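Trainee: just a sequence and a predicted model for now, questions to come.
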Amino acid sequence: MKKLAIVVAGGPAPGINSVIGAATIRARLSGVEVIGLQDGFKWISEGDLSHVVPLTIEDTSRIHFRGGSYIGISRANPTRSPEHFQRTLEGLEKLDVGMLITIGGDGTATLAQIISEKTRGRIRVVHVPKTIDNDIDLPDDTSTFGFQTARHVGVEIVKNLMVDAKTTHRWYFVVAQGRKAGHLALSIGKAVGATNTIIPEEFQKGCPVSFNTVVDILAGSVIKRLGYGRQDGIVLLAEGLADCIDPEDLARHTDIPRDHMGNIHVAEINLGEVLEKAVKQRLAGLGIKATLITKYIGYEVRCADPIPFDMEYTRDLGYCAARYIIEGGTEAVVSMVNGRFLPISFQQMKDPSTGRPRVRLVDVDSDRYKIARSFMLRLKRQDFDNPEELARFAAAARLTPEAFREQFHHLVKDEPQVAVDVEMGLATKAVDAAKAVDAAKAGEPTGGAAR
């Protein structure tokens, strides 16, 4: 039987070592030789086969306790160069690899499929999806591995910042990792009870959003908090928010790197610092002095030791990946749904419009998000409908109620009916359940699927 190779690409996520260890153990117990490609596809794509290590049960049986990657990691993508890709295929053939387990994000999954296609199935491939962004479209809202650990560690960091904020009367703008989706920022913010959380999904219908709108949302939270006698707060910002702000608008507030064609590199913007400066200026214009500090969390959480949830989850994924590929499976993403192994074909994961795996965004119409919004301390429609509250916040901003409305009412024009929708939804479900019970007792049909 040919060898099984394991490779890790992209960025780190807690649980990588658990996948490597469990896959190695399962394969070795089946008599399959296992090797690890060090530092992703970096060396093999350059034709260097010296950075390959044998993986044994003895070496990997206890690596699941630790973060990072036992065999290293890199973002090298061989498909960007025909020469690098050819060297990768030739290297795998020389190493006698017939099975390949890739651990990575959507780009790595795409690469895995290409390898299978180009070798016409001679190399079977199985992909284990990882990202602390939680933006891979797995079924039944299943977490991507590493996400739960990242949230846990992120919550511990933010909890400490909240104590410091209250003690020193300051605000923290915490920027959490999430290139395309706001899952990590929202889940951390909701767990700790952050003052406010802003994610890109809330602007889906109005994207791009103006820079000043985001600034006013933040300034409004500071003002509302002041109105209640507090000078401190915590705001969670998803880093992908930068992609929702009009780039040309953003360029007027900071120097933005551009390529030779003049296109803006939004990903290289230090969004936290830019917003911090702008909010300070906005508040200063109202005569309000506030201490604002930006904190980025990402590197602190992505190589953390996995919590027990991710240890168990990723060991299951590694075991299933090895078993599936040894038994002849290929071109599938490994997932665990409700405690059962579920292979998902690469084609099933693809977005037809892009040809790449679908991105899972935060569902802003869900009760989960609506509940989060209802707890956030930001200016809401009811604040402008209640004369007493309006007067309170206007006084904190050193404005008349009329002037305050003129400057900040634009924030609530498209505000969803958050709290009301949630309460009505829960009440409706409770009434429906009660009716169903009564009908069952009376021997009447409940309607079931017909309803």
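Mentor: Looks like it came in fine.
Trainee: can we go C-alpha only for contacts and neighbour counts from here?
Mentor: Fine.
Trainee: can you pull the contacts of Asp140?
Mentor: Val337 (C-alpha atoms under 8 Å, 6 or more residues apart in numbering).
Trainee: how does it look with 6 Å?
Mentor: Under the criterion of C-alpha atoms under 6 Å, 6 or more residues apart in numbering, the contact list for Asp140 is empty.
Trainee: just confirm it is within a strand.
Mentor: No: in this structure, Asp140 is helix, not part of a strand, as judged by DSSP: H, G, I helix; E, B strand; the rest coil.
Trainee: burial of Gly21, as a residue count?
Mentor: Gly21 is surrounded by 27 other residues when neighbours are defined as other C-alpha atoms under 10 Å.
Trainee: would you map the strands across the stretch 51-200 of the chain?
Mentor: Along the stretch 51-200 of the chain, the segments classed as strands by DSSP state E, counting those that start in this stretch run 52-55, 97-104, 124-129, 171-176, 196-198.
Trainee: go through those and pick out the most buried.
Mentor: Per-stretch averages of neighbours, counted by mean count of other C-alpha atoms under 10 Å, single out strand 124-129 among these, with a mean of 28.
Trainee: show residues contacting that strand.
Mentor: Looking at what lies outside strand 124-129 - C-alpha under 6 Å, 6+ apart - the contacts are 99-105, 109, 330-334.
Trainee: same question, stretch 65-82
Mentor: 8-10, 14, 16-17, 38-42, 45, 84-85, 303-305.
Trainee: tally of neighbours for Arg80?
Mentor: Neighbours of Arg80 (other C-alpha under 10 Å): 9.
Trainee: the one 10 residues further on too?
Mentor: Using other C-alpha under 10 Å, Glu90 has 15 other residues around it.
Trainee: against Ile44, how distant is it?
Mentor: When distance is defined by C-alpha to C-alpha, to the nearest Å, Glu90 is 9 Å away from Ile44.
Trainee: of all the contacts of strand 124-129, which two lie farthest apart?
Mentor: Based on C-alpha to C-alpha, the longest span within these runs between Met99 and Gly105 and measures 18.8 Å.
Trainee: what about the residue most central in space within the chain, distance to Ile256?
Mentor: What sits nearest the mean C-alpha location of the chain, by C-alpha atoms, centre = their mean, is Asp133, with 1.9 Å. If you measure Asp133 against Ile256 using C-alpha to C-alpha, the figure is 25 Å.
Trainee: before we move on, the earlier item: tell me the pLDDT at the nearest residue to the residue nearest to the centre of the chain once chain neighbours are set aside?
Mentor: Of all residues beyond its chain neighbours, the one nearest Asp133 is Gly178 (5.0 Å), with distances taken as C-alpha to C-alpha, 6 or more residues apart in numbering. According to the per-residue confidence, Gly178 scores 87 in pLDDT.
Trainee: give the contact list for Gly178.
Mentor: Taking C-alpha under 6 Å, 6+ apart as the contact definition, Gly178 lies against Asp133, Ala238, Glu239, Gly240.
Trainee: count the neighbours of the last one for me.
Mentor: Residue neighbour count, defined by other C-alpha under 10 Å, stands at 22 for Gly240.
Trainee: what sits opposite Tyr296 in the beta ladder?
Mentor: Here Tyr296 shows beta-bridge partners Val175, assigned using DSSP bridges.
Trainee: isn't it up against Gln177?
Mentor: No: counting by C-alpha atoms under 6 Å, Gln177 is not a contact partner of Tyr296; they are 8.1 Å apart.
Trainee: comparing those two, which shows the higher neighbour count?
Mentor: Set side by side, Tyr296 and Gln177 show unequal neighbour counts under other C-alpha under 10 Å, the larger going to Gln177 at 24 against 18.
Trainee: what about that one, distance to Leu89?
Mentor: When distance is defined by C-alpha to C-alpha, Gln177 is 33 Å away from Leu89.
Trainee: quick one: buried residues of whichever strand or helix holds Gln347?
Mentor: Applying DSSP states H and E as the criterion places Gln347 in helix 346-349. If you call a residue buried by 16 or more other C-alpha atoms under 10 Å, then helix 346-349 has these buried ones: Phe346, Met349.
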